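**Q** My questions are about this predicted structure, shown below with the sequence.
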Amino acid sequence: MESTDFSRDENIGFWKNLILVTAFFVVTPLTLGISLYSLFSFKTNTTAREVLSTANLIVSPQSGIKVYASLPTKFPTVSEQISSSDARSEILRQYMENYGSPLAPYSELIVQTADKYSLDFRLITAIAQQESNICKIIPPGSYNCWGWGIHSNGSLGFKSFGEGIEEVSRGLRTDYLNKGYSTIDEIMAKYTPLSNGSWANGVNEFMTEME
């Protein structure tokens, strides 16, 4: 009786081992194949998403992100003259050149003189825009772009634009700002008292354009 039971247990053990071995050789390759397929699909999808994302950024770049289609063969350079010059003078120069003003070459002098008298660097250019379209409509040979010193016999004349920049800047400091005329509207009240407010509006607008 014990011999029969032993034989039966031995047969059960044999079939159990056979099933486990068979399952191992069937399930393992299947699992490995599924894993490799999943990994390949993941890489493909990731690559596709990256390409799509880059394409979207090229069409509509997000703020703070730079997108380059390819590396440039030559990198842009900034001339030594521009990099060393005051950015404010460059703002004035470009503004005046845009209007074809003969005062454009004096942009650096305007900034230096404004600093000398502690003025807003845009002020006399804005006044010149209001008074003479930045020196394009002035009495011949007067170099007076600012309507400065107008009186019954005519307007004050200067020997050069440089002299005009100096005299007008100094006058705005000593005769206006130092005497409490600290806003464009207050300057207008003395500079052109008959204005209905359009003078101040114009000067303020032109100064804003140069920000």
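**A** Happy to help now that I have it.
**Q** what sits against Lys190?
**A** With contact set as CB atoms under 8 Å, 6 or more residues apart in numbering, Lys190 has these partners: Asp175, Tyr176, Tyr181. The C-beta positions use only the backbone N, C-alpha and C, and glycine is treated the same way.
**Q** Next step: these restricted to helices.
**A** Within those, residues falling in helices by DSSP state H are Asp175.
**Q** hmm, which of the contacts of Lys190 are the buried ones?
**A** Buried members of the contacts of Lys190, scored by 16 or more other CB atoms under 10 Å, are Tyr176, Tyr181.
**Q** now, which of the contacts of Lys190 sits nearest Tyr143?
**A** Asp175 (19.6 Å; CB to CB).
**Q** Could you tell me which residues within the helix or strand harbouring Glu90 count as buried?
**A** Assessed by DSSP states H and E, Glu90 sits inside helix 87-98. By 16+ other CB under 10 Å, the buried positions in helix 87-98 come out as Arg88, Ser89, Ile91, Leu92, Arg93, Tyr95, Met96.
**Q** what packs against the helix or strand following that helix?
**A** Later in the chain than helix 87-98, the nearest helix or strand by DSSP H and E is helix 107-116. Applying 3 or more CB pairs under 8 Å, 6 or more residues apart in numbering; DSSP states H and E, we find helix 107-116 packed against helix 87-98, helix 123-132, helix 161-175.
**Q** Output helix 107-116 as PDB, restricted to C-alpha atoms.
**A** Extracted in PDB, the C-alpha atoms of helix 107-116 (Å, rounded to 0.1, in the frame of the first residue of the first chain):
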ATOM      1  CA  SER A 107      22.300 112.700 -30.500                       C
ATOM      2  CA  GLU A 108      25.400 112.000 -28.400                       C
ATOM      3  CA  LEU A 109      25.900 115.700 -27.700                       C
ATOM      4  CA  ILE A 110      22.200 116.000 -26.600                       C
ATOM      5  CA  VAL A 111      22.600 113.200 -24.100                       C
ATOM      6  CA  GLN A 112      25.900 114.600 -22.700                       C
ATOM      7  CA  THR A 113      24.400 118.100 -22.400                       C
ATOM      8  CA  ALA A 114      21.300 116.700 -20.700                       C
ATOM      9  CA  ASP A 115      23.500 114.900 -18.200                       C
ATOM     10  CA  LYS A 116      25.400 118.100 -17.700                       C
END
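**Q** what does the helix holding Glu90 rub up against?
**A** 82, 103-105, 107-108, 110-111, 121-122, 125, 134, 209-210.
**Q** With pLDDT and distance to Val203 as added columns, please give the residues you listed in a markdown table.
**A** Below are those laid out as a markdown table (pLDDT from 0 to 100; distance: CB to CB, whole Å):
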| residue | pLDDT | distance to Val203 |
| --- | --- | --- |
| Ile82 | 39 | 28 |
| Leu103 | 97 | 16 |
| Ala104 | 97 | 19 |
| Pro105 | 97 | 23 |
| Ser107 | 97 | 18 |
| Glu108 | 96 | 22 |
| Ile110 | 97 | 15 |
| Val111 | 97 | 18 |
| Phe121 | 96 | 14 |
| Arg122 | 97 | 9 |
| Thr125 | 97 | 10 |
| Ile134 | 97 | 12 |
| Glu209 | 95 | 11 |
| Met210 | 94 | 11 |
